[in-house]
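Peer 1: sequence? don't have it. structure:
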């Protein structure tokens, strides 16, 4: 049973991918998206996963985020081997331990910024009486204290991504996973989001992001390079 949150010491990884593969069988043809990838992420690290389109970056991200199951290999989170976990256990881990940020924001469009950030709390052990304050504090931290009650479809792209970041942080996850977080933003707004990620990392947040943006990758402490589904350099 998975019981611990933020339990990794500085000397042990929060996340380990051990020789994971992902392939798809199409009749007699096998398409390999990720091949024998191994990766360890330690507390407080800022890691960028980079590579050309089709190199397997997002597939790798989905597997380490427990959104997809490896065809081979295993994922370990905070010392817990996850391969035999049931779907309800995985869903609980994703909500409590992993903060997700996506290129398309994935917000409820006709719902306020505040309610979007509150949503993960509805599946947590946080008392309902505390939901509003926690969400307001988080939105204020990302610079949206004056947009609490705006619906998502009333916000700019940069504001939507800030809401998504606040939502990802609300349950104090062990690790933040971001998939092309500046991909739908103009360069100025993308720079602002880059600076926010850097600030979060200096506050001790562990971040892994997938990006094709060289500028964003450069602010990370470590780059993991994928080519044709294989990690060729980290």
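Peer 2: That came through fine. Everything numeric here is computed off the predicted structure, so don't read it as measured data.
Peer 1: which strands and helices lie in contact with the helix or strand bottoming out on mean pLDDT in the chain?
Peer 2: Taking mean pLDDT, DSSP states H and E as the measure, the helix or strand of the chain with the lowest value is helix 214-218, at a mean of 87. Packing contacts for helix 214-218, counted by 3 or more CB pairs under 8 Å, 6 or more residues apart in numbering; DSSP states H and E, involve strand 46-50, helix 187-202. Bear in mind the C-beta positions are built from the backbone N, C-alpha and C, glycine included.
Peer 1: pLDDT (mean, whole number) over the last one?
Peer 2: Think helix 187-202. Average pLDDT, helix 187-202: 93.
Peer 1: buried sites along it?
Peer 2: Neighbour-count burial for helix 187-202, with 16 or more other CB atoms under 10 Å as criterion, is recorded at 189, 190, 192, 193, 194, 196, 197, 200, 201.
Peer 1: would you mind listing the residues in contact with the first one?
Peer 2: What that stands for is residue 189. By CB atoms under 8 Å, 6 or more residues apart in numbering, the contact list for residue 189 reads 156, 157, 158, 161, 182.
Peer 1: please redo it, this time with the cut-off set to 10 Å
Peer 2: Listed by CB atoms under 10 Å, 6 or more residues apart in numbering, the contact set of residue 189 reads 156, 157, 158, 159, 161, 162, 182.
Peer 1: next, count neighbours for the last one.
Peer 2: Residue neighbour count, defined by other CB atoms under 10 Å, stands at 25 for residue 182.
Peer 1: repeat for the fifth one
Peer 2: Number of residues near residue 161 (other CB under 10 Å) recorded here: 28.
Peer 1: tell me which element it falls in.
Peer 2: Assigning secondary structure by DSSP states H and E places residue 161 in helix 157-169.
Peer 1: and that helix, what's buried?
Peer 2: Across helix 157-169, burial judged by 16+ other CB under 10 Å covers 158, 159, 160, 161, 162, 163, 164, 165, 166, 167, 168, 169.
Peer 1: now that helix, how far from the centre of its chain.
Peer 2: Relative to its parent chain, helix 157-169 has a centroid offset of 12 Å by CA atoms, centre = their mean, to the nearest Å.
Peer 1: quick check: the gap between residue 193 and residue 60.
Peer 2: Distance, residue 193 to residue 60, using CB to CB, to the nearest Å: 22 Å.
Peer 1: find the centremost residue of the protein, please.
Peer 2: What sits nearest the mean C-alpha location of the chain, by CA atoms, centre = their mean, is residue 177, with 1.6 Å.
Peer 1: secondary structure class for that residue?
Peer 2: Secondary structure state of residue 177, per DSSP: H, G, I helix; E, B strand; the rest coil, is strand.
Peer 1: give the contact list for it.
Peer 2: 15, 41, 49, 61-62, 64-67, 94, 98-102, 168, 206-210.
Peer 1: ok, the spatially closest residue to it that is not a sequence neighbour - contacts?
Peer 2: Leaving out its chain neighbours, the residue that sits closest to residue 177 by CB to CB, 6 or more residues apart in numbering is residue 65, at 4.8 Å. Residue 65 makes contact with 15, 75, 77, 93-94, 97-100, 175, 177, 179, 208, according to CB under 10 Å, 6+ apart.
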